[in-house]
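# curious how this folds, go ahead:
(6 chains)
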There are 4 protein chains.
Amino acid sequence: MSDLNSINTQELRQYIERIECVEEEMDAAKADRKDIYSEVKAVGYDTKAVRKIVRLRKMDKMKRDEEELILDTYKSALGL
Amino acid sequence: MSDLNSINTQELRQYIERIECVEEEMDAAKADRKDIYSEVKAVGYDTKAVRKIVRLRKMDKMKRDEEELILDTYKSALGL
Amino acid sequence: MSDLNSINTQELRQYIERIECVEEEMDAAKADRKDIYSEVKAVGYDTKAVRKIVRLRKMDKMKRDEEELILDTYKSALGL
Amino acid sequence: MSDLNSINTQELRQYIERIECVEEEMDAAKADRKDIYSEVKAVGYDTKAVRKIVRLRKMDKMKRDEEELILDTYKSALGL
DNA sequence: CTGCCATTTTACCGGC
DNA sequence: GCCGGTAAAATGGCAG
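Coordinates of the predicted model:
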């Protein structure tokens, strides 16, 4: 904040509002996901299994990203 | 699913992709929030306190929503 | 534990028994609560509404505690 | 409640207080358990494993209780 | 038996 | 870089 030992109320308020805004987006997306899972269930799938698949795919993706990052690191280290 | 005892791969795949899509939105929003908190910290605020404020405000909202709901419950209980 | 790389069976057993003991208390309290709700229902109240009231009151308490805490945070931030 | 369509405030209040009382006990027990796990960790055990043991033992106990119940049912059915 | 709610587990963030 | 505490996800249990 610009002035130490004093709180700039306007500035703080704006940060808080920005945070609350993105949190609303998060909540909206969460609600969407919930709806999709309801549909998945309604149509006869085992949601627990589906959740597991999603989780596994996310892990795979992270793993691949990680490897790619390492590869990039090596490549740039080698000046490629 | 259209056919019992068999998994419609295409259908399932589409559900999973829809889920992954909203989860990407969630991750993006999460990253945004993280950035905002970094900025908040960089500019000199105590992020812990700011987080607390955000939480408190969310609790206020929830409390108001709940109270409204309970009021409805009472009203319908009284036949209003 | 007293000896590294080896498990003190007696010690471990005692910890587990202590945990199980408090869990029994938890279960007992849970059963008591269940009984009270049964009584509440038997005597004609809408248990759902009562549960909501209890939850609201708990939220109120949490909120007050949080606010007190954040006040302390501010005070110490201001060197009071 | 004694009088339909009207809420006996005193009665309701007392039920709520009884509920809150047992919930406080639950919270206290919960806090105790938390402390024990902290100690377990501090003294060098893997809390995750200990949790698993506790869960397994609880399952075993439930299983035994179940079997005993069945046995009792049979016995009383046979007039023993 | 279905949906909701509590508990548990898991992941994240800030501090030391 | 771990660790303690805090938020999110998943699982299990219970009331309706």
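# use CA for all of it now, contacts and neighbours both
Fine.
# ok, the residue nearest in space to the middle of chain A - contacts?
When C-alpha atoms, centre = their mean is applied to chain A, the residue found nearest the centroid is A:Met26 (8.7 Å). A:Met26 sits next to B:25-26, B:29-30 when contact means C-alpha atoms under 8 Å, 6 or more residues apart in numbering or on different chains.
# what do you get for A:Thr47?
A:37, A:40-41.
# does DNA strand E have contacts with the least confident helix or strand in chain A by mean pLDDT?
Using mean pLDDT, DSSP states H and E, helix A:47-77 stands out as the lowest-scoring helix or strand of chain A, at a mean of 91. No - counting by C-alpha under 7 Å from any atom of the strand, DNA strand E is not contacted by helix A:47-77; separation bottoms out at 8.6 Å.
# now A:Tyr45: which helix or strand?
Following DSSP states H and E, one finds A:Tyr45 outside all helices and strands.
# give me the pLDDT for it.
pLDDT for A:Tyr45: 92.
# pull the number of nearby residues for it.
Using other C-alpha atoms under 10 Å in any protein chain shown, A:Tyr45 is surrounded by 17 other residues.
# picking up where we left off before, what about burial for the contacts of A:Thr47, which qualify?
A:37, A:40 (16 or more other C-alpha atoms under 10 Å in any protein chain shown).
# tell me which of the contacts of A:Thr47 is nearest to D:Ile19?
Using C-alpha to C-alpha, A:Tyr37 comes nearest to D:Ile19 of the contacts of A:Thr47, at 34.8 Å.
# what helix or strand is that closest one on?
Judged by DSSP H and E, A:Tyr37 forms part of helix A:9-42.
# for that helix, which positions count as buried?
In helix A:9-42, counting by 16+ other C-alpha under 10 Å, buried: A:15-16, A:18-20, A:22-23, A:25-26, A:29-30, A:32-33, A:36-37, A:40.
# and of those residues, the nearest to B:Lys63?
Of the buried residues of helix A:9-42, the one sitting nearest to B:Lys63 (C-alpha to C-alpha) turns out to be A:Glu20, at 16.6 Å.
# was I right about the closest one contacting B:Leu56?
No - judged on C-alpha atoms under 8 Å, A:Glu20 makes no contact with B:Leu56 at a distance of 11.7 Å.
# ok, back up a step: ok, and which of the contacts of A:Thr47 reach chain B?
A:Val40 (C-alpha under 8 Å from any C-alpha of the partner chain).
# redo the contacts of A:Thr47 as CSV? Include distance to A:Lys75 and pLDDT.
Listed next are the contacts of A:Thr47 as CSV, based on distance: C-alpha to C-alpha, whole Å; pLDDT from 0 to 100:
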residue, distance to A:Lys75, pLDDT
A:Tyr37, 41, 96
A:Val40, 43, 94
A:Lys41, 46, 93
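# which one of the contacts of A:Thr47 is nearest to DNA strand E?
A:Lys41 (8.0 Å; C-alpha to the nearest atom of the strand).
# would you mind measuring from the nearest residue to the closest one once chain neighbours are set aside to B:Arg13?
Leaving out its chain neighbours, the residue that sits closest to A:Lys41 by C-alpha to C-alpha, 6 or more residues apart in numbering or on different chains is A:Thr47, at 5.8 Å. Look at A:Thr47 and B:Arg13: by C-alpha to C-alpha, to the nearest Å, they are 13 Å apart.
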